[in-house]
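1. Would you be able to build a 3D model of this:
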Amino acid sequence: MLQDIKALTRSELLNWLEAHGEKPYRADQILKWLYVRLVDQFEQMSDLNKPLRALLAEHFTIQRLAVADVRTAADGTRKFLFRLVDDRTVETVLIPERDHFTLCVSSQVGCAQGCRFCLTGQSGLVRNLTHAEIVGQAWEARKQMDDPGQLTNLVFMGMGEPLANYENLVAAIEILTNSDWGMKFATRHVTVSTAGLVPRLLDLGRDTRINPAISLNAVDDDGRTHLMPINRKYPLAELLAACRQYNLPRGRKLTFEYILFKDVNDGLEQARKLAKLLAPLKAKINLIPFNPYPGSAFERPTEARIEAFKAFLMAKHFTCVVRYSKGQDIMAACGQLSTYLKKP
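-> This is a model prediction of the structure:
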């Protein structure tokens, strides 16, 4: 089976071209065809000479993620089920916004973190996605759209813990954000959410300029460990110390995600403790009302409790937004992703 050319990094492609007697500038020509023009045939690369096109076709293929299923919600959200080359499947969600689209990208098949509120984690980790499979989700989404340019925002909040697949994540981000030969997503429009892998969080600030989002969900170690087992390894004090050290681009804030669960963490006492925890940081708080699914042990708070929690934080001068997840009627909302076609 021929190798997918998208599995090569730019430096690997340069080395391959050099080994075959081709000029280095050919690499960026090829990459622009792949990631800017979104072609899937070497014959379409019209500014390459015919012998080079034939050479590429002899050694490589341009693989695409197979669209196994698409479900569309009442609000226009689309959930794609992509089948991978090993017959595993992964979900990706295309979310319509007022004047653009956001893509919720997966980084792993399944997840090893075991957060008690997340349906994805119940299946455990199957494997990491390659950087080509990560990029392929945005590639395919744009191919499915009438106006691919309307897809401007990426959130790594799909299946998996992105920082647990760090090398592939960073390689994918380079392709997605490169403004010359890549897919040209602005770094300020790319967000990577993490449950709190502290060493990799600091690496992310060193290696990229994207926006980090830290999934917090509790105001003390007992509460967070109950919800998120990773807190045993990286407790709150260690996580928040890393947040203080994070190499944050000028003018930006750290985003903290706080899922609100009825009678668990939605009271004003928790809001008061959250404000105290985050006071030393340049923090933006996204409140996410829990999205229920069959068999869940948690419930969604009332709107009154949600609004009271938000009002308290805003009175403490935090930037605070309630994020109401779209696509709930097709199980596409935050915490609801779980592949619904399994490997045969």
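
2. List the buried residues in stretch 231-251.
-> Buried residues in stretch 231-251, counting neighbours by 16 or more other C-beta atoms under 10 Å, are found at Asn231, Tyr234, Pro235, Leu236, Leu239, Leu240, Ala242, Cys243, Tyr246, Leu248. Quick note: C-beta positions are derived from backbone N, CA and C, even for glycine.

3. Quick check: end-to-end length of it?
-> Counting by C-alpha to C-alpha, to the nearest Å, the length from the leading to the trailing residue of stretch 231-251 is 29 Å.

4. And the strands in this protein?
-> Assigned by DSSP state E, the chain shows strands spanning 3-4, 60-61, 66-72, 78-83, 89-96, 101-104, 108-110, 125-128, 151-156, 190-194, 211-215, 254-260, 283-289, 319-322.

5. rewinding a little: let me have the buried residues of stretch 231-251 in TSV, extended by pLDDT and distance to Ala195.
-> As requested, those are arranged in TSV below (pLDDT from 0 to 100; distance: C-beta to C-beta, whole Å):
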residue	pLDDT	distance to Ala195
Asn231	98	9
Tyr234	98	9
Pro235	98	13
Leu236	98	12
Leu239	98	10
Leu240	98	14
Ala242	97	13
Cys243	97	13
Tyr246	96	16
Leu248	91	19
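
6. Could you list which of those belong to helices?
-> Residues of these located in helices (DSSP state H): Leu236, Leu239, Leu240, Ala242, Cys243.

7. just these now: which is nearest Thr255?
-> Comparing these against Thr255 with C-beta to C-beta places Cys243 closest, at 10.5 Å.

8. residue contacts, the residue sitting nearest the centre point of the chain?
-> Taking C-alpha atoms, centre = their mean, the centroid of the chain lies closest to Phe156, which sits 0.9 Å from it. Neighbouring residues of Phe156 by C-beta atoms under 8 Å, 6 or more residues apart in numbering: Val105, Ser107, Pro162, Leu169, Val190, Thr191, Val192, Ser193.

9. Same list, these, but as CSV with pLDDT please.
-> Rendered in CSV, the data for those read as follows (pLDDT from 0 to 100):
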residue, pLDDT
Val105, 98
Ser107, 98
Pro162, 98
Leu169, 98
Val190, 98
Thr191, 98
Val192, 98
Ser193, 97
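
10. Any of these buried? List them.
-> Buried subset of the contacts of Phe156 (neighbour count, 16+ other C-beta under 10 Å): Val105, Ser107, Pro162, Leu169, Val190, Thr191, Val192, Ser193.

11. Now do the same contact list for the first one.
-> For Val105, the residues meeting the contact criterion (C-beta under 8 Å, 6+ apart) are Thr92, Ile134, Gln137, Ala138, Leu154, Val155, Phe156, Met157, Gly158.

12. Would you mind measuring from Glu140 to Asp263?
-> 41 Å (C-beta to C-beta, to the nearest Å).

13. Comparing those two, which residue is more hemmed in?
-> The neighbour comparison of Glu140 against Asp263 (other C-beta atoms under 10 Å) goes to Glu140, with 20 against 10.

14. The residue lying closest to the more buried one once chain neighbours are set aside: neighbouring residues, count only.
-> Excluding the flanking residues, the one nearest Glu140 by C-beta to C-beta, 6 or more residues apart in numbering is Leu65, at 5.1 Å. As a burial measure, the neighbour count of Leu65 was computed by other C-beta under 10 Å and equals 23.

15. Please look at Leu65 and Arg83 and confirm they touch.
-> Yes - the pair Leu65 and Arg83 qualifies as a contact (C-beta atoms under 8 Å) at a distance of 7.2 Å.

16. For the two, list the residues in contact with both.
-> By C-beta under 8 Å, 6+ apart, Leu65 and Arg83 have no common neighbours.
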